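[1] what's the 3D shape of this:
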Amino acid sequence: MNTTDAFKQIMFNQQKMALATSVGDQSNVRIVNFVYDEEKKCVYFSTFKGNEKIEEIDENSKVSFTTVPDNGTEHVRVHFGKVQKSNFTIYDVAEAFSKKIPGYDENIKQAGDLLDLYEISFDKAIVILGMGNRETIKV
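    Numbers count the residues shown, from 1 in each chain. You can find the predicted model right below:
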């Protein structure tokens, strides 16, 4: 499997990412669920309206993330992501979230109106497939 195929497999199968924001000299990392849109080449995640994460994003739209492996060490890292509130809603991407993350449809049903959808765009990703097996790809 080539690195681009491995990237896609990781992005479509891993459910969580550690999202890093930074405001001033203070960084902040949190785990969020995500889906990858191959056509738009972006990552979607949802968050409750008005929380600390949104305030940080409003101040600085530059983010980094790493996927969180379910098994093993294969993961994707992005250093130079740009995050913005999406023009879509969680309902627009509900099928993708529910297909990837079992039970997520219940979260959307119960809290969908309280969630905002964000998207991260990026053009390069580091794909790590094991010790000494690391490659940066153009997305």
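[2] touching stretch 48-56 from outside, list them.
    19, 21-23, 28, 30, 47, 111, 114-116 (C-beta atoms under 8 Å, 6 or more residues apart in numbering). Where C-beta positions appear, they are placed from N, C-alpha and C, glycine not excepted.
[3] let me have those in a markdown table, extended by distance to residue 129 and neighbour count.
    Output for these, formatted as a markdown table (distance: C-beta to C-beta, whole Å; neighbours: other C-beta atoms under 10 Å):
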| residue | distance to residue 129 | neighbour count |
| --- | --- | --- |
| 19 | 22 | 25 |
| 21 | 27 | 23 |
| 22 | 28 | 15 |
| 23 | 33 | 14 |
| 28 | 28 | 12 |
| 30 | 25 | 14 |
| 47 | 30 | 20 |
| 111 | 35 | 12 |
| 114 | 38 | 12 |
| 115 | 33 | 17 |
| 116 | 33 | 18 |
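[4] mind listing which of those are in strands?
    Among the contacts of stretch 48-56, DSSP state E puts 19, 21-23, 28, 30, 47, 115-116 in strands.
[5] tell me which two in the residues you listed are the farthest apart.
    The largest separation in the ones in strands among the contacts of stretch 48-56, counting by C-beta to C-beta, is between 22 and 115 at 23.1 Å.
[6] pLDDT score assigned to residue 118?
    The per-residue pLDDT reported for residue 118 equals 98.
[7] C-terminal to the helix or strand harbouring it, what's the next element?
    Taking DSSP states H and E as the definition, residue 118 sits inside strand 115-121. Heading C-terminal from strand 115-121, the first helix or strand you meet, by DSSP H and E, is strand 124-130.
[8] please consider this matter closed, and thank you.
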